[in-house]
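> below are the sequence and a predicted model for it; my questions follow.
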Amino acid sequence: MIARVADHCFWLGRYLERVDCTARVLHVTLHLSLDAELGPRQCWLPVVIVSGEREAFFAKHGEAAAGDSELVQSYMTWNPQNYVSLVRSIAAARDNARSIREVVSLEVWETLNELYLWSQSPAAREEYASNRYAFYRTIRRAIELCRGLLQSTMLHDDPLDFVSLGLLLERAGHSARIVDVHHHALRKDETRLDVVVETGVWLSILRSCSGKEPFMKRHQGRVTGPAVAAFLILEPLFPRSVRHAVAEAHARLLSIRPAGANDLPGERSLARLAALDAWLSSRTPETILPIHDLATYVVSETAGICEEIGRELLGYGGGTAA
Amino acid sequence: MAEEPLPSSLFSGYPSAPGTYDELVEPGGPLRLPFRRALTPLASASPDAITRWQALAERALLNQGVTFSVYADSRGTEKIFPFCLVPRLVSAEDFSHVERGLEQRVRALGMFLDDVYGEQRILAEDPLLRDLVLGAKHHLPMLRGLRPLGGVRIHVAGIDLVRGPDGVFRVLEDNLRTPSGVSYVLENRIVSKRVLPKVFEEARVHPVEHYPARLSEVLRSVSPAPHDDTYAVVLTPGPYNSAYFEHSFLARTMGLELVEPADLYVDDDRVFLRTTRGPRRVHVIYRRIDDAFLDPEAFRPDSLLGVRGLVRAYAKGHVALANALGNGVADDKAVYAFVPQMIRFYLAEEPILAQVHTFVCARDEDLRYVKDHLDRLVVKSVDEAGGYGMLMGPTASAAERDAFRRRIEAEPRRFVAQERLELSTCPTWNGATNALVPRRVDLRPYVLTSPAGPWVLPGGLSRVALVPGSYVVNSSQGGGSKDTWVLKGTDPGRTDR
């Protein structure tokens, strides 16, 4: 496989996941803000933080603007300068797919292209204005369709492995940031939150990762902060847990670059990913505290692994490999 | 046989353009006899239905991303190639004539290239042709004596045909380097079948979808490696090239890797692809990059594009290039005037297909005629394509004609002229008036050549000038396209191509 093509596959996966995560967080937060008895700022600031846009957003709109739900949503949906906004991420995913149209299946390309064309059309603006839930749901459905089509219409070989690798590493980072930002934000105010409010917030965190029902199956309805955090980080069978995403990413990288294949590039990427996988597998609910330290480590380590993969396998920086 | 009733509600009142041949409609209104049965279902459709189908077709093309990039626009602008769902039909009889003519022509052009880069026998016979060929921009003297793998030079040809008022198909232009457009032939067909399933089925049309499989076979047939071990790739300049859609389309439909020049390198005169699993040897390159940008070592030392050493590998016979290097000398617009002569010289046959009479300005008497008749001639620069560098004498202003006259006088070798041809028209849907209007069309059939000989795809790209009265069908200048339906004959033996 050509390194340049692998790079487009990897970023296609990352952008697909980013669009999905952002749309889900916006959707869930909109839902939460209606009845959570939290101030608008407590609802919407975490959205900005999770996306990594706190500084850019404050610089542009001021700190107080984080309490303006419409402004946050518009910034996270439409702003062309915000490189993680929905329309920009959709365009980036589609651009990557367009550069490798002979690699992705026709079905995947058409689905993504239709989503892109729709996101640029007046119809999308109208739906955003008239039915916000439907707007976010349309985007999530299209991404879910893309993910399904990737699995069901493409050969399960290197190109799909690179898409999955990008997608899973993006997911691991996102789940870690979600746990971190909410945990962090809540801890300061812990004494002032009553049980009902706290339960609402933790449920919405679970929903942000599509994890409410899986969590309930594990915990029979007992929703506590530490249990939710442990679930989203450690549950090996939940597809959006940090541990599951990292283990799956590790498996994908192993099929791209088998462990003993020392003549192939990718040795350091594989070593770092294997180490992170092993480290997470050895954690227990007791050893994930403090959450903030763990989340920071996971976020910086996944970012570091992505850079290493770029250097070793995707042809960044001189292109010694591949 | 009694005259059939004319079920042509959609075609009744169709305003044929006087003095032109219409592809579907006879003078006076009836549908052409070979197409009556096939077009009956379409003729009985209501204007509302056509409007709806047209919208469906455009939506399908946009969603499929069947687009081309426009050079004149900012980087990366994509447009759909305008499509008219009313098909252009070609009868079995007409196409069989075209097919035989194209095979003959491509055969002769291949022999001409062999000769130019070999003994140069034909040049010894004709001093003017000799001057034109040896001075042609695309002539590559360094290739002399080099025989490409499998002996094939014109793996893919796109020959532009037009029809004058007499209804005779004439060759207007040969494209022997990197002819484009075949992806639209295949995509237009998918749309036709989706939008007009009943009409299509009734019409009994030759399929075209096997083109990529045929092309892939041609690529393997000239490989330096055994058939099954051959690794072939499609080489594109990249996503910002105007034909990028087609490059990725062909790679996808042939199952080949689409590569950019930087993905390839040459080591020990062999070509390799950089992959995530190390180097991979490449045997055949279907390249959609002009000669001049293929290899900076051979052509443009200052260029950053291309694959350094590729021409050395080609010369050693370690890699096949399709099409071969140096073909531009045979699709030069001045050399075109000599193709009938080539057919007689190499094949000892009379040309089956007519072509357009061409004044070669390098010839003194032609130059005099051209200068005196600019107001009725179309003047073309010999080495530009895509409708660029042309003078449409009859519609140009006096000042434009004077300016062009000076350019011709300065470099007569660079220009040829032809009488303006009244291109045939085809009924085309006008969304503004909800009616069929005559618009000028041409036809580009595709010819694939392997060591076993040429093969013609039963179909082709019908380009249509969407602007009323316009003669320019190029997509870069506002043209659109139609699906071309080559009807099956009544002879059951000829249905399988």
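Structure received.

> who in the stretch 151-300 of chain A is up against chain B?
Within the stretch 151-300 of chain A, the positions adjacent to chain B are A:D158, A:I256, A:R257, A:D263, A:L264, A:P265, A:G266 by C-beta under 8 Å from any C-beta of the partner chain. The way it works is simple: take the backbone N, C-alpha and C, and place the C-beta from them, glycine included.

> run the last query once more with 10 Å
Contacts of the stretch 151-300 of chain A with chain B, taken as C-beta under 10 Å from any C-beta of the partner chain, map to A:D158, A:P159, A:D161, A:F162, A:I256, A:R257, A:A261, A:D263, A:L264, A:P265, A:G266.

> and chain A, is the helix or strand that contains B:S216 touching that?
Per DSSP states H and E: B:S216 is located in helix B:211-221. No - on the criterion C-beta under 10 Å from any C-beta, helix B:211-221 is out of touch with chain A, staying 11.3 Å away.

> what mean pLDDT does that helix get?
The average pLDDT within helix B:211-221 is 96.

> kindly report the same for stretch A:254-272.
Rounded mean pLDDT across stretch A:254-272 is 93.

> thinking again about what came up before, adjacent strands (with direction) for the helix or strand following the helix holding B:S216?
Where DSSP H and E defines the elements, the next helix or strand beyond helix B:211-221 is strand B:232-235. Sheet pairing for strand B:232-235, assigned by DSSP bridges, gives strand B:257-259 (parallel), strand B:284-287 (parallel).

> tell me the mean pLDDT over strand B:232-235?
Average pLDDT, strand B:232-235: 97.

> hey, C-alpha coordinates of that strand in PDB?
C-alpha atoms of strand B:232-235 as PDB (Å, rounded to 0.1, in the frame of the first residue of the first chain):
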ATOM      1  CA  ALA B 232       0.100  -2.600 -13.400                       C
ATOM      2  CA  VAL B 233      -0.700   0.900 -12.000                       C
ATOM      3  CA  VAL B 234      -2.600   4.000 -13.200                       C
ATOM      4  CA  LEU B 235      -0.400   7.100 -13.000                       C
END
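
> give me the next element, helix or strand, following it.
Following strand B:232-235 in sequence, per DSSP H and E, is helix B:244-254.

> do that following helix and chain A meet?
Yes - part of helix B:244-254 sits near chain A under the criterion C-beta under 10 Å from any C-beta, namely B:Y244, B:F245, B:H247, B:S248, B:F249, B:L250, B:A251, B:R252, B:T253, B:M254.

> considering the residues you listed, which possesses the most neighbours?
B:H247 (28 neighbours; other C-beta atoms under 10 Å in any protein chain shown).

> domains in the chain, by residue range?
Just so you know, I chose chain A. Per automatic domain parsing, the structural domains of chain A span A:15-153, A:155-322.

> you answered for a different chain; I wanted chain B.
Using automatic domain parsing, chain B is parsed into the domains B:33-356+B:449-494, B:357-420.

> most neighbours per residue, which of these?
With neighbours taken as mean count of other C-beta atoms under 10 Å in any protein chain shown, the domains of chain B reach their highest mean count in domain B:33-356+B:449-494, at a mean of 19.

> where does pLDDT dip in the stretch 201-322 of chain A?
Within the stretch 201-322 of chain A, the stretches with pLDDT under 70 are A:317-322.

> tell me where it has helices.
A:212-219, A:225-234, A:242-256, A:267-281, A:291-313 (DSSP state H, counting those that start in this stretch).

> one step back: will you turn the residues of the stretch 151-300 of chain A next to chain B into TSV that also has distance to B:V199 and neighbour count?
Below are those laid out as TSV (distance: C-beta to C-beta, whole Å; neighbours: other C-beta atoms under 10 Å in any protein chain shown):
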residue	distance to B:V199	neighbour count
A:D158	43	21
A:P159	39	24
A:D161	44	24
A:F162	44	28
A:I256	48	24
A:R257	53	22
A:A261	56	14
A:D263	58	7
A:L264	54	18
A:P265	55	21
A:G266	54	23
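
> which of the residues you listed sit farthest apart?
Greatest spatial distance among those (C-beta to C-beta): A:P159 and A:D263, at 21.3 Å.

> for chain B, what helix or strand is lowest in average pLDDT?
Least confident helix or strand, chain B: strand B:67-69 with a mean of 70, by mean pLDDT, DSSP states H and E.

> tell me which element the residue nearest to A:C9 when sequence neighbours are not counted falls in.
Spatial nearest neighbour of A:C9, excluding adjacent residues (C-beta to C-beta, 6 or more residues apart in numbering or on different chains): A:F162 at 3.7 Å. Assessed by DSSP H and E, A:F162 sits inside helix A:158-188.

> list the buried ones in that helix?
A:158-183, A:185-186 (16 or more other C-beta atoms under 10 Å in any protein chain shown).

> in CSV: the residues of helix B:244-254 next to chain A, plus pLDDT.
CSV is the format used below for the residues of helix B:244-254 next to chain A (pLDDT from 0 to 100):
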residue, pLDDT
B:Y244, 90
B:F245, 89
B:H247, 95
B:S248, 92
B:F249, 93
B:L250, 95
B:A251, 94
B:R252, 91
B:T253, 92
B:M254, 94
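
> closest to B:G328 among those residues?
The shortest approach to B:G328 among those belongs to B:H247, at 19.5 Å (C-beta to C-beta).
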